[in-house]
Each structure stands twice: as C-alpha cells, then as structure tokens.
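In: when you get a sec, could you give me coordinates for this:
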Amino acid sequence: MANGVVVLIAVLLLERSAAVGDQADPSHVDGAPPSKIAVVGAGIGGSSTAHFLRQHFGPEVQVDVFEKGEVGGRLATVTVNHHDYESGGSIIHSLNLHMQEFVKVLGLKYRRSVAGKTAVFNGDEMILEETDWYLLDLFRLWWRYGISFIRLQMWVEEIMEKFMRIYKYQAHGYAFSSVEELLDSLGGSGFLNMTRKPLSDSLLEVGVSQRFIDEVIAPIMRVNYGQNVSIPAFVGAVSLAGAQNNLWSVEGGNKLVCSGLIKTANANLHQAQVTSIAPVTSGDTLQYRLSFTSETDSGSDLYDIVVLATPLQESVQSGITFEDFSPPFDQLPGYYHSTVATIVHGYLNTTFFGFPDPRLFPFASVLTTDEPRLFFNSVASICPVNISAGFRRKQPQEAGIYKVFSPHTLDKVQLKSLFRSYYSVQLTEWSAYPRYGSSSSLPSIELQPNLYYLNGIEWAGSAMEMSSVAAKNIALLAYHRWNRQDDKVDQKDLMHKIKTEL
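Out: Numbers count the residues shown, from 1 in each chain. Next up is the predicted model:
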C-alpha cells in the first residue's frame, strides 16, 4: 500500500480441491519423524513454513528451501541514491500476530513512521482531501457520505473479530485440509459466500452508499490489489482491515523477516529452480523426487514432505512440471494480476493534480478513482527502509522518491505528465496478486499425500499475514497427517472444543 494511505483511511474508519490420489499410505505409526522436507519458495509464505515446520517436527529433520530468485519473493527493495526503498509488500497491520511474533523472535525493529496526508483524485480534481484537523475531516466525510464510513467500520470489525479466531485454533494445534474448511471454521457459510460475492454488493447490503464505494473503497482496492470493487467481498475485507491505522513495517526492509526465518529454522537454502516433482513409491513408503537446476549445478533428491510456496497458475510460469501423478496433475486454474511498481527520483508535477505551485501541494500520497483515462492507481512519496532520527519527508518542490502503482509500464509521456523532471526510474513488474474472478474455486491445500500447496490462501485474501497463517496451517497439517492425528484436522465447533479443553 502506498505510504500516506494510513492516515486517511484511519479517518474513514473512525480511527478505530484437487482430489488426493490413490498413493501409498504416507503415515508412520512407529513415531519416526520424516527425514527430509522440501519447501519450494522463499517468500514470506515459504520462509514462515520452514520456521513452523522446524517448530513442530523438531531439530533432527532436514529442511531444504529452494528459491530461484531473491529471498523475500514479493517482499523486495530497490536502491536509489544509496538508500533502499520497498518495491513490494510494505505495510503490516498491528493485528498480524504471526508477523509481530516473527519480528520479536528475530530481534528486528519497527520502522519509525513519517506522517503524511492523503487525497483522492478523479482525473479532474481532488474529491477527498485529508487536513491537519481530525474533526474537520470527520465532518467532511459525514457531509459527503452520511454514515457510510460508520457502517463500513462495523462490517470490517465484525469480520476481523471472527478471523482472529484462527490464532486460538492454531495455538491449540488445530489444522484444516482446505481453504474452505479454514474459512468455514472462522465465519461459517458467511465467510465462504464472501469469497464468491462482489465487494460492492456486500457493502451496499450493509448500507454503504454507492458514492462512498466509488470514491473511497475503489481507490483503496486500486492501490492494494490493482483491481476494482467487483473483487470478492472477503478479499476486500482483508484489504480494508489493512487500511486502518496502527500499521507498521520492518526497519531495514520487510524482506529481512524472510531471510531471518530461514536462518532461525536452520534450513538449507538452495538458490535453484525446481524443474520437476515426481512421486516415488517403495513398498509402503511414498516420497517425492525433486529435480532442480542452479547457475552452476543440477541434481535431484528425495523428500518425505514437500510444500509448494510459489504460485502454480499458468500466468506465473513456475517452471515446475509434475510427472507420473495419478490422477495427472498440472497447473492450476486462474491467473495472477500484473502490477507495475515504478520508483521515480524526481520532481512531482503538482499541476497535474490542480496545484500549479508545488509549495501549496500538501499531500504525501494520492489515490485514484476507477476512471478509465487515469493510467496509474496511486502515487506516493516514500521513505527509505532505514529512517534516521533527523529524517524528513521531501517537500513537493524538492526532488523526492516516489512510488507509482500502475497496471502497465509507464511510457515517457505518462512519466512527463506525473513528473516535471526526474533523475532515475526503476520499475518492477509483479505478478502481485490473483486476478480475482479468474477462477471459480479455491485451490487445494493437499495436492497429494504429503504434498501441500500454500498459495491457495491468496485466492481468499492476499497479504503477508494470510501467507503466514497458511504456513502455520500447513506445518500443523503436515505434522498431524504424518502422525495420524486426525482428531486435530477439520474439527467442527472449535470454539466450544477449546473452551472445554481449558
């Protein structure tokens, strides 16, 4: 999310299955732990999976993590003038308990926040502007939108209260074999229906006005997911929950969480591309052969458990082929949405936003409505991942560092529209999030016995914490499946069970 969104949205929110094949039985009744576990992908999902696997399976198990690119995945930085800036996932919510625990365990620090005001631009003018006076902002919201923002807050809080149950379930060791089972345990059929129903419809039903949806909700969806308000309601709720205040990030860059977790898990990091996975059966034992290549080498190895923490949809081109599976297994349906993050060192063209004098432009970030002629989703003045005590945000009349989110690469004409002049331009094109609506079902977690898929959780909601929740669930699920502890998987009425356990 663009820096500066936090304060505006805080005001808006009142500050407040693929079938399992007939393989050999993978379970071990003798209590012997698995010998080797592979995790494919070293983003936040893969690194936190390695961390949780180590917690549950103990110190003797060999954990290998394969990563074809940079550790951190979609948590990444770029360097401008000897300072690093987030080009990927940049914001973490205060209720993200796994991420908070990671920072504590790793001895990392919270990055100091730098205040900045936000506005919404419709292509002609600023239709919503944050000021220095909270009561004035509140009055403006009420005058323009009535009590829509109160209804939104109530809706988000109800969903968040139910979602927070997952931490209790996981603390008591319960796991789920599918995303549907996980959501059903938290919010029943209501949560499942929210994965199939447009966000705009759900908000209209609770009394949020169409104007508020168009001018406030749509800009948030554009900056967070690069998509519109037709995305599923549950995805939208995750996005809106992450648009409140009490947001934070990691000093030095959020990707430090990933490298830190791999290290504390005592996992072996292989900078290699996994090219194929094939089941290998010997008597009653099922393993998986992973073949891989690196810049200097190629090879293969057998693993008792494999976790795929990388998207398997065709649009992402994972490079992995699945051999000798019965029934045959291939890439999953659905597509990932392409978002371009452009980091520009230059002078913002405030005239484009109706401010000929840049000294009178008070905003650190600008969101946009779903206006077809707008070629960008947001532009924001951003701060480095290391903020010194004397740091101050650059004023618009000064050369600053800006992050622009757009659906396509910005051409020179578009860059000249947004910036009076610039020194450097660095762009990263991300397959950042699922293209919501491109698949009619939630991907499976258990692809085959002891072969797990983490990124299916993204089709319910995409965020760092969602990946961490999925990682904890897979570690628990893998542990219980290995030890035949079925009483800890897909249990109903968990809130009652937990109370009786206490």
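In: give me the longest strand you can find in the protein.
Out: In the chain, taking DSSP state E as the definition, the longest strand is strand 419-434.
In: buried residues, the following helix or strand past that one. List them.
Out: Next helix or strand after strand 419-434 toward the C-terminus (DSSP states H and E): strand 446-448. The neighbour-count check on strand 446-448 (16 or more other Cβ atoms under 10 Å) flags 446-448 as buried. The way it works is simple: take the backbone N, C-alpha and C, and place the C-beta from them, glycine included.
In: show the average pLDDT along the helix or strand that strand 446-448 is followed by.
Out: Toward the C-terminal end, the helix or strand that comes next after strand 446-448 (DSSP H and E) is strand 451-453. For strand 451-453, the mean per-residue pLDDT is 97.
In: strand 451-453 pairs with which strands?
Out: strand 305-308 (parallel), strand 446-448 (antiparallel) (DSSP bridges).
In: helices or strands up against the following helix or strand past that strand?
Out: Next helix or strand after strand 451-453 toward the C-terminus (DSSP H and E): helix 464-482. With contacts taken as 3 or more Cβ pairs under 8 Å, 6 or more residues apart in numbering; DSSP states H and E, helix 464-482 sits against helix 44-57, strand 92-93, helix 97-106, helix 165-171, strand 305-308, strand 451-453.
In: low pLDDT regions in this protein?
Out: For the chain, residues meeting the criterion pLDDT under 70 lie at 1-31, 242-246, 502.
In: domains of the chain?
Out: 5-16+75-97+105-151+195-252+336-434, 36-73+253-334+438-501 (automatic domain parsing).
In: ends of the last one, how far apart?
Out: Taking Cα to Cα, to the nearest Å, domain 36-73+253-334+438-501 runs 33 Å from one end to the other.
In: how far does that domain sit from the chain's center?
Out: Distance, stretch centre to chain centre, for domain 36-73+253-334+438-501: 16 Å (Cα atoms, centre = their mean, to the nearest Å).
In: one more: the longest one?
Out: The chain centroid and the centroid of domain 5-16+75-97+105-151+195-252+336-434 are separated by 16 Å under Cα atoms, centre = their mean.
In: make 33 the starting number, not 1.
Out: Taking 33 as the first residue, the last one we looked at is domain 37-48+107-129+137-183+227-284+368-466.
In: quick one, helices of the stretch 83-232 of the chain?
Out: For the stretch 83-232 of the chain, helices defined by DSSP state H, counting those that start in this stretch occupy the ranges 129-138, 166-177, 180-195, 197-203, 211-226, 231-237.
In: and residue 525, which of the ones you listed is closest to it?
Out: Within the helices of the stretch 83-232 of the chain, the stretch nearest residue 525 is helix 211-226; the backing value is 8.9 Å (Cβ to Cβ).
In: the longest strand of the chain packs against which elements?
Out: Packing partners of strand 451-466 (3+ Cβ pairs under 8 Å, 6+ apart): strand 109-112, strand 368-380.
In: about what we covered before: tell me which of the domains of the chain sits most buried.
Out: Looking across the domains of the chain with neighbours counted as mean count of other Cβ atoms under 10 Å, the highest average goes to domain 68-105+285-366+470-533: a mean of 20.
In: sorry, back to before: please identify which of the domains of the chain is closest to residue 217.
Out: Proximity to residue 217 (Cβ to Cβ) singles out domain 68-105+285-366+470-533 among the domains of the chain, at 5.6 Å.
In: for my notes, confirm residue 407 occurs in a strand.
Out: No. Assessed by DSSP: H, G, I helix; E, B strand; the rest coil, residue 407 does not belong to a strand; its assignment is coil.
In: so what's it closest to, chain neighbours aside?
Out: Computed as Cβ to Cβ, 6 or more residues apart in numbering, the closest residue to residue 407 that is not its neighbour in sequence is residue 446, at 5.2 Å.
In: ok so that neighbour is a helix residue?
Out: Yes. Going by three-state DSSP, the assignment for residue 446 places it inside a helix.
In: look up how far residue 318 lies from it.
Out: For residue 446, the distance to residue 318 equals 53 Å [Cβ to Cβ, to the nearest Å].
In: gap between the closest residue to residue 91 other than its chain neighbours and residue 250?
Out: Nearest non-adjacent residue to residue 91, counting by Cβ to Cβ, 6+ apart: residue 298, 7.3 Å away. The gap separating residue 298 from residue 250 is 46 Å, by Cβ to Cβ.
In: residue 464 now?
Out: Using Cβ to Cβ, residue 464 is found at 18 Å from residue 250.
In: next one: residue 239
Out: Taken as Cβ to Cβ, the span from residue 239 to residue 250 is 18 Å.
In: was I right about residue 344 contacting residue 484?
Out: No. Counting by Cβ atoms under 8 Å, residue 344 does not reach residue 484; the two are 11.8 Å apart.
In: which residues are contacting the longest strand of the chain?
Out: 106, 108, 110, 112, 119-120, 257-259, 343, 345, 347-348, 366-381, 431, 434, 441-442, 447, 490-491, 494 (Cβ atoms under 8 Å, 6 or more residues apart in numbering).
In: with adjacent residues omitted, what lies nearest to residue 287?
Out: With Cβ to Cβ, 6+ apart, the residue lying closest to residue 287 is residue 104, at 3.1 Å.
In: who's in contact with that neighbour?
Out: Per Cβ under 8 Å, 6+ apart, neighbours of residue 104: 74-76, 120, 285-287, 290-291.
In: output the residues you listed as JSON lines; include the columns distance to residue 140.
Out: Formatted as JSON lines, the contacts of residue 104 follow (distance: Cβ to Cβ, whole Å):
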{"residue": "74", "distance to residue 140": "17"}
{"residue": "75", "distance to residue 140": "17"}
{"residue": "76", "distance to residue 140": "13"}
{"residue": "120", "distance to residue 140": "17"}
{"residue": "285", "distance to residue 140": "10"}
{"residue": "286", "distance to residue 140": "9"}
{"residue": "287", "distance to residue 140": "11"}
{"residue": "290", "distance to residue 140": "11"}
{"residue": "291", "distance to residue 140": "11"}
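In: no more questions from me, cheers.
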